[in-house]
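# The following block contains a protein sequence and its predicted model.
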Amino acid sequence: MNKICREYMLEVKALFPIKRKPEREYIRKLTSDVEDFCEEAKVTDKEELYQKYGNPNDVVNSYLQCVDIEYISKQIRTTRIVKGVISVLLILATIATSAFCILLYAQR
């Protein structure tokens, strides 16, 4: 994959709100199509990709329009909860480690 195609796909990937299995499969298929197009058409700039596939925003929007809204909202909610739990656990681990270090230092 050349640099231009890679940059285009990175832009598309960055705009997806979640990346579960269906989204990864869609991205994989799109990547394959973009690679094939880049090899056949000898793409030299992103404008050619924008004309063929559309802006990254359009690509993601077209995918999201085809997907059930409840699925997306549920996955975003789940992701938010998991991130919150991980954040709380990291904060607790930091506090516990700090307390342990203070106790060890106080014993010296």
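Yep, that arrived. Numbering: from 1, shown residues only.

# which residues touch stretch 54-73?
By CB atoms under 8 Å, 6 or more residues apart in numbering, the residues outside stretch 54-73 that reach it are 8, 11-12, 14-18, 22-23, 26, 30, 53. In this view, the C-beta of every residue, glycine as well, is placed from N, C-alpha and C.

# In that stretch, which residues are buried?
Neighbour-count burial for stretch 54-73, counted by 16 or more other CB atoms under 10 Å, picks out 56, 59-60, 63.

# How about stretch 31-43?
Per 16+ other CB under 10 Å, stretch 31-43 contains these buried residues: 31, 34, 38, 43.

# before we move on, which element is the second one in?
Per DSSP states H and E: V34 is located in helix 21-41.

# next SSE after that helix?
The helix or strand immediately downstream of helix 21-41 is helix 46-53, counting by DSSP H and E.

# That following helix - what's its average pLDDT?
Mean pLDDT, helix 46-53: 88.

# Only the buried residues of that helix, if you could.
Buried-residue list, helix 46-53, by 16+ other CB under 10 Å: 48-49, 53.
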